[in-house]
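Visitor: can't give you the sequence, but here's the structure:
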């Protein structure tokens, strides 16, 4: 198995023009086996590849996709969230649930409590009607808390969740930022 993984990693590096593994190269297995080998692409660990995200969107065709924005609107708690999330930013948190982002819900990931805000989880359950197969895209600014939100939702039984990174991952943001 290890030699197969090394060969896979080696061939992926060659296809991507890398000559040696970077410090961010990792081999995924098990439940993550469909995910590509994470290379030094500038994306945080867990953020979907373009191919993975496109597959998610194709599988969700005809279904209502819910977007969970894990950023905190209280910039005194998460000052970096103001970069994109302030009303003058490129992805204002205040637009969640408005015509600009009708399927988006702001459910902050609380770092200290290591959980999604409970009131937001209750609202998500109401929005999905309890359907744990509802397609959900999580995000924050760049994907770190988006990944934590994804993992929290999966632990609650949601089975169709992808981390879209956020406005800092422009390639994905253009595909879901207006949902």
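Guide: Nice, I can see it. Computed from a predicted structure; not experimentally measured.
Visitor: my reading is that residue 81 is in a helix; is that accurate?
Guide: Yes: the assignment for residue 81, made by DSSP: H, G, I helix; E, B strand; the rest coil, places it in a helix.
Visitor: and for it, the neighbour number?
Guide: Using other C-beta atoms under 10 Å, residue 81 has 24 neighbouring residues. (Glycine included, C-beta is placed from N, CA and C.)
Visitor: the one 10 residues further on now?
Guide: The number of residues packed near residue 91 is 24, by other C-beta under 10 Å.
Visitor: how about the helices of the chain, start to end?
Guide: 2-15, 50-59, 82-85, 118-128, 144-155, 170-176 (DSSP state H).
Visitor: and these: which comes nearest residue 73?
Guide: Nearest of the helices of the chain to residue 73, taken as C-beta to C-beta: helix 82-85 at 7.0 Å.
Visitor: quick one: contacts of the closest one?
Guide: Contacts of helix 82-85 with the rest of the structure, by C-beta atoms under 8 Å, 6 or more residues apart in numbering, involve 71, 73, 75, 89-93, 141, 166-168.
Visitor: will you turn these into a markdown table that also has distance to residue 63 and pLDDT?
Guide: What follows is the contacts of helix 82-85, written out as a markdown table (distance: C-beta to C-beta, whole Å; pLDDT from 0 to 100):
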| residue | distance to residue 63 | pLDDT |
| --- | --- | --- |
| 71 | 24 | 97 |
| 73 | 28 | 96 |
| 75 | 33 | 95 |
| 89 | 29 | 92 |
| 90 | 27 | 90 |
| 91 | 23 | 93 |
| 92 | 26 | 96 |
| 93 | 25 | 96 |
| 141 | 26 | 94 |
| 166 | 22 | 94 |
| 167 | 24 | 94 |
| 168 | 26 | 93 |
